[in-house]
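Engineer: Next come a sequence and a model predicted from it.
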Amino acid sequence: MINSLDEFLEPLKSLTISSIDENGNPFSSYAPFVKFNHKYYVYLSLMAKHSNNLTQNPKASIFFCEDEKDCKNIFAKKRATLQCEVKRLEQNSNEEKEILEQFGLKFGNEMITMLKNLGDFYLFEFKPFYGEAVFGFGKAYNLGGEFFEEFLQRGNSSNSGHGKK
């Protein structure tokens, strides 16, 4: 049983970003991430389509999902989705330095230094404003609390959920 969102996220190294492109169409891709001070960060090249999408439309969804090799039932993979406000951070700021240190701890300083030296990589910050999580059949939660990290049991009614018909 997973007791916290952080417990679920701890082994994960990447997330899926769903952004909106210049034509209003959805676009999904993935990126390695770190969570720091209750926010989620990805380090993206400006050449990546989702960098432009996130800059032009600063709302996106991020999705975390259990690896298929680890799940007991493919129809009930553990997963969490967060709706977020997004902002691109300034390069060479104290904030960037602090967060890139977290990336170095998780992914290795050599990789982060190489990406930084390319010059076109920017940190994008995802601040949640809504979330949901599913950890199996009948185990669906809304995410709540100040930072959208607490599991809130969804109410069941006779007309919804996995009840009898």
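Structural biologist: Sure thing, it's come through. Numbering: from 1, shown residues only.
Engineer: For A48, which non-adjacent residue is closest in space?
Structural biologist: For A48, ignoring the flanking residues on the chain, the nearest one in space by CB to CB, 6 or more residues apart in numbering is S29 at 7.2 Å. The C-beta positions use only the backbone N, C-alpha and C, and glycine is treated the same way.
Engineer: At the geometric centre of this protein, which residue do we find?
Structural biologist: I62 (3.8 Å; CA atoms, centre = their mean).
Engineer: Name the residues of the one helix or strand the residue nearest to A48 maps to that are buried.
Structural biologist: Element membership for S29 (DSSP states H and E) is strand 26-36. Buried residues in strand 26-36, counted by 16 or more other CB atoms under 10 Å: F27, S29, A31, P32, F33, V34, K35.
Engineer: got the CA coordinates for it in CSV?
Structural biologist: The C-alpha atoms that make up strand 26-36 are tabulated as CSV, following Å, rounded to 0.1, in the frame of the first residue of the first chain:
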residue,chain,number,x,y,z
PRO,A,26,-2.6,18.3,-27.2
PHE,A,27,1.0,17.1,-27.3
SER,A,28,2.6,14.6,-25.0
SER,A,29,6.2,13.8,-24.4
TYR,A,30,8.4,12.8,-21.5
ALA,A,31,11.3,14.3,-19.5
PRO,A,32,13.4,13.4,-16.5
PHE,A,33,12.2,15.3,-13.4
VAL,A,34,13.1,16.3,-9.9
LYS,A,35,10.7,17.3,-7.2
PHE,A,36,11.9,20.2,-5.0
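Engineer: name the helices or strands packed onto the helix or strand following it?
Structural biologist: Remark: after strand 26-36, the chain's next helix or strand is strand 39-45, criterion DSSP H and E. Using 3 or more CB pairs under 8 Å, 6 or more residues apart in numbering; DSSP states H and E, the elements in contact with strand 39-45 are strand 14-20, strand 26-36, helix 49-56, helix 94-107, helix 109-118, strand 121-134.
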